[in-house]
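Need a 3D model of the following:
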Amino acid sequence: MYSIEYERFVDINSHWNIAFFGTHNDERDKATKEYLCSSADNSFLIEYDLDELCLLIDNKQVQLHELGEWLFKCKGNRVVIDATSMTVAELFLLSKGLFSLEINDFEVIYVEPREYTKTEDDFMLSDSGIGFSGAGVPSLAIPHDSDAKNHVVFLLGYEGDRFADAMEVMQLESEQISLFFGVPSYKLNWEKNSYLGNMKVIEENRLNDRFIFCGANNPVAVSREVAKIKKTYIDSQLFIAPIGTKPQAIGCIPTICTSGEEMPVGVLWDHPKRKHGRTKGVAKILLTKKIF
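As a prediction, the model looks like this:
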């Protein structure tokens, strides 16, 4: 896996046969969609339908067990996924579907925001979802048995309330937890927002020694560290809770897709509803290649 940073879309100078993107909520989502639609022969809107537990591809239902058949058209083509506009449910389901067909050379694009929208006290990123006690995402979710040996990787961002909910639901001991913090952050001092947002939960659960620091826009470092954790806790059921930055979630794709059926990696997801206009502007553009 390696990632390339660009300042402008025009500098990428790449062409794909097939592009996937999600619904756009802000300026960077819209800008990325416009770029991909102009740089790919075919582009598809993909959304996860929480009510029907399926994917919508160009607003047509595709059941998860039918996804492989639908994606077969991607074989032999250059494929790019826009992680910017997708939830991690869509990102992970699509990546896992492509990997199952041995389409391993797809690329993932992510665009950083210039700034996040916030009120005087809080960042306005998402509304509450169904919580971590919900059903998760079929084919990604694994039942959490509090009496079993578990280890949970939390990718932490600004939304400490989501972290608090997960901790309350799962009743974990500190040694069962790894906290990934985005350091360095997208911009100088942004990391303090993440720490302050999660500080109460961290201190209440005595987790100050559970930090793993990887750049907020460094999926390569996250991939390496998650692989180490999986090897260290080989006898534990591994879960990933992607509450942090999208590049951190991209870094988890190899571990999620390559884990075997005997000990699959579970994804803990609370289905938050992303706010429109949650960010402003377009900053760096990250293109990740050779994921496997």
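
The most centrally placed residue in the chain: which element?
Taking Cα atoms, centre = their mean, the centroid of the chain lies closest to A249, which sits 3.3 Å from it. Using DSSP states H and E, the element containing A249 is helix 246-251.

From the chain's centroid, how far away is that helix?
With Cα atoms, centre = their mean, to the nearest Å as the basis, helix 246-251 stands 5 Å off its chain's centre.

Report the buried residues of the helix or strand following it.
As assigned by DSSP H and E, the chain's next helix or strand after helix 246-251 is helix 253-258. Along helix 253-258, these residues count as buried under the neighbour rule (16 or more other Cβ atoms under 10 Å): 253-257. C-betas here are computed from N, CA, C, even on glycine.

remind me which residues of the stretch 1-150 of the chain are low pLDDT?
118-125, 127-128, 135 (pLDDT under 70).

Which parts of it are strands?
2-6, 16-21, 40-49, 54-57, 60-62, 79-82, 107-111, 115-116, 126-127, 150-155 (DSSP state E, counting those that start in this stretch).

Tabulate those strands in a markdown table, adding columns for distance to F180 and mean neighbour count.
Below are those laid out as a markdown table (distance: least, Cβ to Cβ, whole Å; neighbours: other Cβ atoms under 10 Å):
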| stretch | distance to F180 | mean neighbour count |
| --- | --- | --- |
| strand 2-6 | 16 | 14 |
| strand 16-21 | 25 | 22 |
| strand 40-49 | 23 | 17 |
| strand 54-57 | 27 | 18 |
| strand 60-62 | 31 | 13 |
| strand 79-82 | 21 | 24 |
| strand 107-111 | 16 | 25 |
| strand 115-116 | 19 | 15 |
| strand 126-127 | 19 | 14 |
| strand 150-155 | 5 | 24 |
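
Flag every buried residue along stretch 276-283.
Those would be 278-279, 282-283, for stretch 276-283 by 16+ other Cβ under 10 Å.
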